[in-house]
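Student: The sequence and its predicted three-dimensional model are supplied below.
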Amino acid sequence: MTELSANFANLRQSLGLSRAAMASRLGVTADKIKHVETGHQRADHELLFALGKEFAIDINALLGLGGDGQISPSQGDGQYLPEENDFVHVPRYDVAVSAGNGAQATDGSVVGHYAFSRRWLTRRNLNPDNLAVVRVAGDSMEPRLSNGDLAVIDTTATDMKDGVTYVFRLGDDLLIKRLQILPQRQVKLCSHNPEYAPIQVELASGELASIGRVVASMHEW
């Protein structure tokens, strides 16, 4: 469970609301409330804005970003309402990166956007103009990443560093793997799932290129 998930659940309980009752107040489903509280779904821009408007709380505090520390509902001049410019939109591309043995790489088109807290990105030194969201296909990175998860990549962080997870282009395939650097300009592309053997590549072959470092992931229901 993330800090946001715990804060979200604590807020609802402090209000004395069931998940169904809170969902009704916010105009969402009870399942969405459940999934946010259990960390299986991220709180999107619309949900955060509805929270701030309905309960007059500091959204930055809810997100664990500081703010005025007021997570419980407040009244009068102390209320905090999120503004549109508190969030930035990161494009999602119609591309699947393989957490398996490889998937055909295509130049995907933008199929949507995801809203991220501007302060969350700033704290992590991430520029939203350099970020992209792609879908994970396969199970080789479980339990870290599951089939259907969304990975956020920084397309400017392409320098290969040992132990870091990247999206790679290997020939015509896109792969999401953890990098292991070997002597003599060789590397291994490693999976978290032990059922998948590492892929060893000679850098001199020119077949391998880093598309970007994975900086976050999301599980969608």
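Tutor: Sure thing, it's come through.

Student: Could I get the full set of strands for this protein?
Tutor: Applying DSSP state E to the chain gives strands spanning 87-98, 103-104, 110-117, 131-137, 150-154, 165-170, 173-182, 186-190, 199-202, 208-218.

Student: who touches the fourth one?
Tutor: Judged by CB atoms under 8 Å, 6 or more residues apart in numbering, the contacts made with strand 131-137 from elsewhere in the structure are 90-93, 95-100, 103, 108, 114, 116, 121, 145-155, 167, 176, 212, 215, 217-218. Placement of C-beta: from N, CA and C, glycine included.

Student: Can you give me the buried ones in stretch 32-48?
Tutor: In terms of neighbour count (16 or more other CB atoms under 10 Å), stretch 32-48 has its buried residues at 32-37, 39, 41-45, 47-48.

Student: By mean pLDDT, which helix or strand of this protein comes out lowest?
Tutor: Within the chain, no helix or strand scores below strand 103-104, which has a mean of 44 by mean pLDDT, DSSP states H and E.

Student: From what I see, Glu207 and Phe168 are in contact.
Tutor: No. Between Glu207 and Phe168 there is no contact under CB atoms under 8 Å: 9.8 Å.

Student: more neighbours, the two?
Tutor: Legend: neighbour count by other CB atoms under 10 Å for Glu207 and Phe168, higher for Phe168 (26 against 14).

Student: Do I have it right that that one meets Leu189?
Tutor: Yes. If you go by CB under 8 Å, Phe168 and Leu189 touch, sitting 6.3 Å apart.
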